[in-house]
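Q: A structural model of the following input is requested.
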Amino acid sequence: MPRLAGKVALITGAGTGIGRATAKLFAEEGAKVVIAELNKEAGEQVAQVITQAGGDAIAIPTNVTEPDSMQAAIDRCMRHYGALHVLHNNAGGSTSQDSDVTEAPLEEFWRVIKLDLYGTFLGCRFGIPAMRKSGGGSVINMSSNVALMGIPGRDCYTAAKGAVASMTRSMAVEFAPDIRVNAIAPSATMTDRVRKLVAGNAALDRMAQSHLLGLIEPEDIAAMALFLASDESRKVTGHIYPVDSGVIIS
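A: Presented below is the predicted three-dimensional model:
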């Protein structure tokens with residue numbers, strides 16, 4: 001039996017990169033998938049790929065930094081599928097504008113706090129009540145290896161992802177036993193966006209070269225998300241899971 005049979009999953013930022021890979025894998029494993037994506041065209045393309053392959057997916061244009069937009073995505077998911085069992089707060093990302101606290105543009109700090117932290121907060125704010133109505137489920141947040149180790153020149157992103165990790169732990173305690181809350185902490189994952197970012201940042205380039213098991217692909221993160229979404233992780237909550245090819249220990 002598929003590992004997500006009978007489950008409904010909503011994935012933010014699922015039009016590209018890790019979110020896209022996760023949406024496709026979840027659908028292959030039997031989930032009905034909601035692609036909550038800011039870029040309407042990208043979201044619809046992913047939904048089309050899934051449905052053409054025999055899966056079940058819809059795309060909903062969603063801005064995770066806007067409460068009304070996030071609430072509307074959850075509401076439409078509930079109307080369309082009648083349930084929500086897996087919430088993957090995947091939308092986010094750093095830019096080449098990030099730097100240390102003395103040099104980083106203030107607008108970059110607030111951009112990443114709003115997208116990565118506030119976007120995750122809003123996903124949980126509106127998604128968890130829907131999951132409880134559906135009988136419970138799994139929240140999967142997206143932290144980062146920068147929340148678990150020191151990396152220079154990423155202080156804006158580190159602040160946001162460190163906060164996501166802390167919020168994940170507190171929510172795991174608050175919403176047990178019917179809602180599990182975990183986070184994934186990837187190292188640099190070779191999406192199109194990250195390939196461009198690594199190419200222009202010496203510190204990130206050195207980090208990419210330190211991967212003990214080779215560079216990480218979006219499918220590697222999707223595989224961890226699948227475990228956390230499935231009943232195989234039914235006794236797992238409040239943890240931050242590095243998928244980092246050994247970077248943290250090396």
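Q: C-alpha only now, for contacts and for neighbours.
A: Noted.
Q: For the closest residue in space to Gln45 that isn't next to it in sequence, what is the enclosing helix or strand?
A: Nearest residue to Gln45, sequence neighbours excluded (Cα to Cα, 6 or more residues apart in numbering): Gly15, at 7.6 Å. Element membership of Gly15, judged by DSSP states H and E, is empty: it is in no helix or strand.
Q: Also the one 5 residues further on?
A: Using DSSP H and E, the secondary-structure element containing Arg20 is helix 17-28.
Q: what do you get for Leu213?
A: Residue-wise, Leu213 maps onto no helix or strand under DSSP H and E.
Q: go on, Ser170?
A: Counting by DSSP H and E, Ser170 is found in helix 155-175.
Q: Same check on Met78?
A: Going by DSSP H and E, Met78 is in helix 67-81.
Q: where does the protein have low pLDDT?
A: Along the chain, the model assigns pLDDT under 70 to residues 190, 192-208.
Q: all helices for it, in order.
A: Assigned by DSSP state H, the chain shows helices spanning 17-28, 40-52, 67-81, 106-112, 119-133, 155-175, 192-199, 202-209, 218-229.
Q: For the ones you listed, give me CSV that also has distance to Pro61 and mean neighbour count.
A: Converted to CSV, these look like this (distance: least, Cα to Cα, whole Å; neighbours: other Cα atoms under 10 Å):
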stretch, distance to Pro61, mean neighbour count
helix 17-28, 14, 24
helix 40-52, 5, 18
helix 67-81, 8, 18
helix 106-112, 20, 17
helix 119-133, 14, 21
helix 155-175, 23, 20
helix 192-199, 20, 14
helix 202-209, 31, 15
helix 218-229, 22, 21
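Q: tell me the centre residue of this structure?
A: In the chain, the centroid-proximal residue (Cα atoms, centre = their mean) is Asn90; its distance is 1.9 Å.
Q: quick one, what contacts it?
A: Asn90 makes contact with 11-14, 18-19, 140-142 under the criterion Cα atoms under 8 Å, 6 or more residues apart in numbering.
Q: roughly how far apart are the residue lying farthest from the centre of the chain and Ser245?
A: Ranked by distance from the centre of the chain (Cα atoms, centre = their mean), the top residue is Thr102, with 28.7 Å. Counting by Cα to Cα, to the nearest Å, the gap from Thr102 to Ser245 is 30 Å.
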